[in-house]
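J.: Predicted model and sequence follow; I will ask about them next.
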Amino acid sequence: MRSLTTLAVCAGLAVAALPIAVNAQSTTGQTTTQSDAKTIWEKFKGSWGQTKGAVKEQWGKLTDDDLLEIEGRRDQLVGKIQTRYGITKEEAEAQVGTWEQRRIKDM
């Protein structure tokens, strides 16, 4: 009987620890993704003269002044798209994310 109680306690602890382990894994995945995105945007910044042409092609409502202000900064791009197109931040983020993926494939 005592071993059954011990087994039940161990099983309970394992189940309780599962969400912590899963959360730790997903946090690590997010950090890697954020780090990758930062690296990609560092490349975009470095070649902003070329990149802004692709940005202008994708989002034609952005002005040359907008592109000068953005200067390869993702957060600025999202904000300008949101403003010029009258969409939510989430929609602008999604559009930029899709655009990033296509640009990465082209690199």
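T.: Looks like it came in fine.

J.: only C-alpha atoms for contact and neighbour calcs from this point on.
T.: Fine.

J.: for the chain, what spans make up the strands?
T.: Taking DSSP state E, the chain contains no strands at all.

J.: remind me which residues of it are low pLDDT?
T.: Within the chain, the ranges that satisfy pLDDT under 70 run 1-34.

J.: Helices of that one, residue ranges please.
T.: 2-46, 48-58, 64-70, 74-85, 89-106 (DSSP state H).

J.: separation between Asp75 and Gln82?
T.: 11 Å (Cα to Cα, to the nearest Å).

J.: If you count surrounding residues, which of these two has more?
T.: With neighbours defined as other Cα atoms under 10 Å, Asp75 and Gln82 compare such that Gln82 has more, 17 against 11.

J.: burial of Lys45, as a residue count?
T.: So Lys45, with other Cα under 10 Å, has 18 neighbours.

J.: Pretty sure Arg74 is one of the things it touches, is it not?
T.: No: using Cα atoms under 8 Å, Lys45 is not in contact with Arg74; the gap is 9.3 Å.

J.: Gly72 - nearest residue in space that isn't next to it in sequence?
T.: Leaving aside its sequence neighbours, Gly72 sits nearest to Lys45 (Cα to Cα, 6 or more residues apart in numbering; 4.3 Å).

J.: quick one, what contacts the one you found?
T.: Each residue near Lys45 by Cα atoms under 8 Å, 6 or more residues apart in numbering is listed here: Glu71, Gly72, Arg73.
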